[in-house]
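Asks: Sequence and computational prediction follow.
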Amino acid sequence: MAIGLFYGTDTGNTEAVAKKIVANIEEKLGAESIEMMEIYQKNTADMAKYDLLILGMPTWYDGELQGDWEEFIPKMELIDFSNKKVAFFGLGDQYGYASYFCDALGVFASIVEDRKGTLCGLTSTEGYEHDFSKAERDGQFVGLCLDVDNQDDQTEDRLNKWIPQVLAEFGL
């Protein structure tokens, strides 16, 4: 069973992280274990065919969604996530936009939960310096939050801890 990794990017940073995730998972599970797709011009069926999903998105400025993900919301709200496990990773700027850090994850995690999906890959908020995030619940993020602008030196370590956690929660 392949994992579907969908990402949206404007600057290429989210795509670069997605590629690292794919390489790490393929090293552990093999080349046919994960399929990476940009969310741009995808439809409901593209995502619905996967029971295991990793979704990656940046948060822009004052909590704005990346454009391709924003356009995908009506499609995503049609997907039945009841038999799906979904892990999120997101990029944000915890200093420049401390009140909106990785908000996109929270927006999309709520859609998945409302559609009966199971969230995987929750991470601690320790080590981050932000004021508020829609992605935060009870001291945890609903996925992996990365700040490649201010804490890029921690990206590899965070990915190396998060990916095995997600694979275990996926039952792989």
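Replies: Great, that's in hand. Numbering: from 1, shown residues only.
Asks: doesn't residue 9 fall inside a strand?
Replies: No: secondary structure assignment (DSSP: H, G, I helix; E, B strand; the rest coil) places residue 9 in coil, not in a strand.
Asks: Where do the helices of this structure begin and end?
Replies: Taking DSSP state H as the criterion, the chain carries its helices at 13-29, 44-48, 67-76, 103-114, 155-169.
Asks: Scan this protein for its longest strand.
Replies: Residue-count comparison of every strand in the chain, with assignments taken from DSSP state E, identifies strand 52-60 as the longest.
Asks: Tell me which other helices or strands it touches.
Replies: strand 3-7, helix 13-29, strand 85-91, helix 103-114 (3 or more CB pairs under 8 Å, 6 or more residues apart in numbering; DSSP states H and E). C-beta: built from backbone N, CA, C; applies to glycine.
Asks: most neighbours per residue, which of these?
Replies: When you average the neighbours per residue for each of the helices and strands packed on strand 52-60 (mean count of other CB atoms under 10 Å), strand 85-91 leads with a mean of 27.
Asks: what are the C-alpha coordinates of that one, in PDB please?
Replies: Output in PDB follows, covering the C-alpha atoms of strand 85-91 (Å, rounded to 0.1, in the frame of the first residue of the first chain):
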ATOM      1  CA  LYS A  85      -4.600   8.100   8.500                       C
ATOM      2  CA  VAL A  86      -3.300  11.600   7.800                       C
ATOM      3  CA  ALA A  87       0.000  13.200   8.900                       C
ATOM      4  CA  PHE A  88       0.700  16.900   8.300                       C
ATOM      5  CA  PHE A  89       4.000  18.800   7.900                       C
ATOM      6  CA  GLY A  90       4.100  22.500   7.500                       C
ATOM      7  CA  LEU A  91       6.400  25.400   7.200                       C
END
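Asks: Okay, and the beta partners of the nearest residue to residue 155 once chain neighbours are set aside?
Replies: If you skip the residues right next to it in sequence, residue 155 has residue 146 as its closest partner in space, 5.5 Å away by CB to CB, 6 or more residues apart in numbering. Under DSSP bridges, the beta-bridge partners of residue 146 are residue 91.
Asks: hang on, isn't residue 146 packed against residue 14?
Replies: No: applying CB atoms under 8 Å as the test, residue 146 and residue 14 come out as separate, 9.0 Å apart.
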